[in-house]
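S.K.: sequence unknown, structure follows:
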């Protein structure tokens, strides 16, 4: 945990964070939930947490970086920040009306995300996907990337409202392939 925490703290301290505005997918689909309790997984500096809080949600925001969480707390002290290593963090069952997971992948959490939702709860999940072509983001550890069509299979037991895989250019100009899904827990 300490090594990952230091890496992310350094990034949030020394680098300009490329994403300043809430994710488009969160903006487009948050309204599927009237209001309630939301969880932002790997929230970073909280661009999506702040957006949801401002829309009336009671937000839990979890991240490994205490530097990022401190920045979030300055913006919205009412947001409940949770400092945790997501490799060991567990999501409480039937707690959330909305769970968002943006630009992060930890396959261990997928069953917990499903169980963490209340009935009719919504998951908004969007992250990087492997693209074996020159010019696309290729991280050192490919386990942090979805495989094509993997995301739809991970949530096939839920009611899928939206699914997409597409090319995308990050705010810093890097080309990526992105998978996105929005689904509802019907049982």
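M.R.: Structure's in. What do you need? What you are looking at is a predicted structure, and each value in this text was computed from that prediction instead of being measured. Numbers count the residues shown, from 1 in each chain.
S.K.: Three-state assignment for the residue nearest to the spatial centre of the chain, please.
M.R.: Centroid check for the chain by CA atoms, centre = their mean gives residue 101 as the closest residue, at 2.1 Å. With DSSP: H, G, I helix; E, B strand; the rest coil as the basis, residue 101 sits in strand.
S.K.: likewise for residue 108?
M.R.: Assignment for residue 108 (three-state DSSP): helix.
S.K.: ok, now the one 10 residues further on?
M.R.: Under the three-state scheme (three-state DSSP), residue 118 adopts strand.
S.K.: assess the claim that it and residue 98 are in contact.
M.R.: No: between residue 118 and residue 98 there is no contact under CB atoms under 8 Å: 9.5 Å. Every C-beta, even on glycine, is put in place using the N, C-alpha and C of the backbone.
S.K.: who's more crowded, those two?
M.R.: The neighbour count for residue 118 versus residue 98, taken as other CB atoms under 10 Å, is higher for residue 98 (25 against 16).
S.K.: so the more buried one versus residue 168, what's the distance?
M.R.: 23 Å (CB to CB, to the nearest Å).
S.K.: can you map out the strands along the chain?
M.R.: Here the chain has its strands, by DSSP state E, at 36-41, 57-63, 80-83, 96-102, 117-129, 159-169, 175-184.
S.K.: among the ones you listed, which comes closest to residue 147?
M.R.: Set against residue 147 and scored by CB to CB, the strands of the chain come closest in strand 117-129, at 7.1 Å.
S.K.: and that closest one, what does it pack against?
M.R.: Here strand 117-129 touches helix 24-29, strand 96-102, helix 110-116, helix 150-154, strand 175-184, going by 3 or more CB pairs under 8 Å, 6 or more residues apart in numbering; DSSP states H and E.
S.K.: now distance to residue 43 too, for those, in a markdown table please.
M.R.: A markdown table is the format used below for the helices and strands packed on strand 117-129 (distance: least, CB to CB, whole Å):
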| stretch | distance to residue 43 |
| --- | --- |
| helix 24-29 | 11 |
| strand 96-102 | 9 |
| helix 110-116 | 14 |
| helix 150-154 | 20 |
| strand 175-184 | 18 |
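S.K.: among these, which is the most enclosed?
M.R.: Comparing these by mean neighbour count (mean count of other CB atoms under 10 Å), strand 96-102 ranks first with a mean of 25.
S.K.: what's the average pLDDT for that one?
M.R.: The average pLDDT within strand 96-102 is 98.
S.K.: and the nearest residue to residue 89 once chain neighbours are set aside, how far from residue 103?
M.R.: Distances taken as CB to CB, 6 or more residues apart in numbering place residue 62 nearest to residue 89, at 6.2 Å, with adjacent residues excluded. Using CB to CB, residue 62 is found at 14 Å from residue 103.
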